[in-house]
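> Any chance you could fold what I've pasted below:
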Amino acid sequence: MQITFLGTSSGVPTRSRNVSSVALRLPQRAELWLFDCGEGTQHQILRSDLKISQLSRIFITHMHGDHIFGLMGLLASCGLAGNVKRVDIYGPSGLNEYLQAALRYSHTHFSYPVKVHTVHPGVIYEDDEFIVSCGLLHHRITAFGYRVAEKDRPGRFDVEKAKELQIPSGPIYGKLKRGETVTLADGRVIHGDQLCGNTEIGRKMAYCTDTIYCDGAVQLAQDADVLIHEATFAHQDADMAFQRLHSTSTMAAQTAYAAGVNRLLMTHFSPRYAPGNDIELKDLLREARAIFPKTEMAHDFMIYDVPRRREIDSKSTIHN
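The predicted structure is shown next:
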């Protein structure tokens with residue numbers, strides 16, 4: 001699981017930050033999932049190492065323009081030059097009507113299947129490897145946060161040990177790899193966990209924006225390996241955050257702390273904290289780290305490799 005930030009500004013783009021979009025690359029299945037799609041997202045993808053042809057799912061948090069204005073352009077381009085096979089889009093009520101209106105008035109036709117799924121709190125997608133769920137956040141309009149959970153996998157199967165025990169290869173190996181118990185022809189009972197290493201704990205990512213501090217975000221982020229959370233305002237501007245129902249840097253850190261996550265990646269920063277102003281983004285980072293030390297501040301094109309539990313303390317995972 002590899003995260004690429006395609007837009008980290010709130011409301012409007014700046015010279016160095018585009019509006020909201022985060023890509024989740026799944027190399028093991030050659031798929032690309034997007035979370036939000038602000039204006040200019042397709043240009044950001046072209047400037048990155050991501051392959052648009054691998055795009056398969058898009059998750060939209062809410063219907064504000066800085067999170068959806070790039071969606072129609074991206075989908076249209078995929079049909080013209082992207083070689084995309086199918087795209088499933090998940091989001092709040094009104095998303096399908098928005099796309100249908102854009103299709104009708106722009107006379108656009110998708111050359112590949114596009115299906116829109118209106119989401120409700122709970123599991124919205126599941127396959128053999130992943131479970132994706134969503135929950136309500138607290139914003140001015142209906143907004144959802146998302147959680148991607150990789151399913152646990154049995155540990156590595158010890159083929160040499162199986163041979164030493166004279167276990168015949170074939171379908172029996174498959175059952176043992178899955179942790180099942182089998183009875184051999186000679187009457188011996190073999191438990192799969194005797195031949196498999198420690199279970200590989202699945203990785204978990206949570207994405208929460210736009211929202212003020214709320215229990216919904218804490219629940220979505222519970223025990224996640226990484227939480228991506230908005231930090232629109234500095235703590236000093238908390239009144240403004242409450243008025244606009246956005247988070248401060250300290251609210252993002254409090255969410256990470258309450259949820260027991262391993263890493264917090266802050267995004268969705270107000271342009272008011274540009275270099276040279278009274279408060280700068282480095283001040284927001286300092287505020288958050290005072291509460292949750294394992295905090296990083298995302299920037300456009302930053303890449304974060306989500307580590308497995310055994311890797312967390314042994315490797316660097318952020319690339320600038």
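> What sits closest to residue 280 if chain neighbours are left out?
Closest residue to residue 280 in three dimensions, ignoring its sequence neighbours and counting by Cβ to Cβ, 6 or more residues apart in numbering: residue 273, at 5.5 Å. Glycine gets a C-beta too; all of them are placed from N, C-alpha and C.
> Kindly list the main-chain dihedrals of the one you found?
Note on residue 273: backbone dihedrals following degrees, to the nearest 10 are phi -100, psi 40.
> pLDDT on stretch 185-193, on average?
Confidence over stretch 185-193 (mean pLDDT, whole number) is 86.
> Please disregard the earlier target; I meant stretch 94-101.
Per-residue scores along stretch 94-101 average to 97.
> Check which residues of it are buried.
Under the neighbour-count criterion of 16 or more other Cβ atoms under 10 Å, stretch 94-101 has 95, 98, 99 buried.
> Same question for stretch 18-32.
18, 19, 20, 21, 22, 23, 24, 25, 26, 32.
> What strand or helix carries residue 74?
Using DSSP states H and E, residue 74 sits within helix 71-77.
> got the CA coordinates for that helix in CSV?
Output of helix 71-77 as CSV, limited to C-alpha atoms (Å, rounded to 0.1, in the frame of the first residue of the first chain):
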residue,chain,number,x,y,z
LEU,A,71,-13.8,14.2,-11.3
MET,A,72,-15.6,14.8,-14.6
GLY,A,73,-12.5,15.9,-16.4
LEU,A,74,-10.5,12.9,-15.1
LEU,A,75,-13.2,10.4,-16.1
ALA,A,76,-13.5,12.0,-19.6
SER,A,77,-9.8,11.8,-20.2
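> Quick check: buried residues in it?
Applying 16+ other Cβ under 10 Å to helix 71-77 flags 71, 72, 73, 74, 75, 76, 77 as buried.
> go on, stretch 248-267?
Buried residues in stretch 248-267 (16+ other Cβ under 10 Å): 248-259, 261-267.
> How far does it stretch from one end to the other?
The first and last residues of stretch 248-267 sit 11 Å apart, counting by Cα to Cα, to the nearest Å.
> what's the neighbour count on residue 113?
By other Cβ atoms under 10 Å, 10 other residues sit near residue 113.
> and it, what does it touch?
86, 87 (Cβ atoms under 8 Å, 6 or more residues apart in numbering).
> where does it land on pLDDT?
For residue 113, the pLDDT comes out at 94.
> all strands for the stretch 151-300 of the chain, in order.
Along the stretch 151-300 of the chain, the stretches classed as strands by DSSP state E, counting those that start in this stretch are 181-183, 189-191, 204-208, 226-230, 264-267, 295-297.
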